[in-house]
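Peer 1: turn this into a model:
(one chain, ligands or ions: 1)
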Amino acid sequence: MDNEKLIKPIRSHTELYDLSNSKYSDSTWKEKIWKGIGEKLNQTGAKKRRDYYILQKYDVLTMAEKKYLIHKTTDDKDDIKYVVSYEDLFKRLSDYHIRIGHGGVGKMHAILSNKYSISRPAIETFLSICTICNSKKGSNRKLVIKPIVSNNFNEIGQVDLVNF
Ligand SMILES: [Zn+2]
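Peer 2: Sure, this is the predicted structure:
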């Protein structure tokens with residue numbers, strides 16, 4: 001309860017606390033005042049448009065005494081999609097990334113989109129900072145094929161297995 005909201009209307013009605021006020025002993029009158037204050041408080045506590053939007057879009061799922069924010073599903077068949085907080089985003093991305101063996105954007109998006117709503121740019125940003133993925137890319141570029149050196153003709157054979 002917002003105390004400021006409660007204190008202001010009470011203060012303006014001196015009969016509620018001022019003994020010298022002639023209405024101080026009028027309990028019927030005071031009851032009316034209290035009722036009015038209560039109604040006013042309820043009005044200010046009314047849900048705003050944004051609150052309705054949030055209520056329409058999200059839901060709270062309680063599982064094993066833990067609360068999870070999820071996207072409201074339109075269909076019962078829809079899988080539950082968890083909202084990943086900004087603080088948890090990195091850990092969640094890195095867990096899945098390692099689990100799928102440093103998979104790329106496509107793989108990451110496919111596996112994450114079943115359970116979470118994580119945007120593609122977020123995945124891309126994460127991948128751009130993965131040191132293992134970056135070092136893999138780097139070593140591919142530097143790949144040099146070492147030639148087989150032999151002294152005599154037909155000493156060492158080499159078979160190309162493409163399309164074998
Ligand atoms: Zn990686």
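
Peer 1: next helix or strand past the longest helix anywhere in the chain?
Peer 2: Taking DSSP state H as the criterion, the chain has its longest helix at helix 27-44. For helix 27-44, the following helix or strand on the C-terminal side (DSSP states H and E) is helix 49-57.

Peer 1: from the middle of its chain, how far away would that following helix be?
Peer 2: Remark: helix 49-57 is offset 16 Å from the chain centroid, using C-alpha atoms, centre = their mean, to the nearest Å.

Peer 1: Met108: neighbour count?
Peer 2: Using other C-beta atoms under 10 Å, Met108 has 22 other residues around it. (Each C-beta comes from the backbone N, C-alpha and C, glycine too.)

Peer 1: what does Arg99 give?
Peer 2: By other C-beta under 10 Å, 10 other residues sit near Arg99.

Peer 1: and the closest residue to Thr62 other than its chain neighbours, what pLDDT?
Peer 2: Nearest non-adjacent residue to Thr62, counting by C-beta to C-beta, 6 or more residues apart in numbering: Tyr68, 7.7 Å away. Note for Tyr68: predicted pLDDT of 85.

Peer 1: can I take it that Tyr68 is in a helix?
Peer 2: No: according to DSSP: H, G, I helix; E, B strand; the rest coil, Tyr68 belongs to no helix; its state is strand.

Peer 1: can you report how many residues lie near it?
Peer 2: Tyr68: 12 surrounding residues under other C-beta under 10 Å.

Peer 1: and it, how far from Leu61?
Peer 2: Separation of Tyr68 from Leu61 (C-beta to C-beta, to the nearest Å): 5 Å.

Peer 1: again with Asn134
Peer 2: Between Asn134 and Leu61 the computed distance is 37 Å (C-beta to C-beta).
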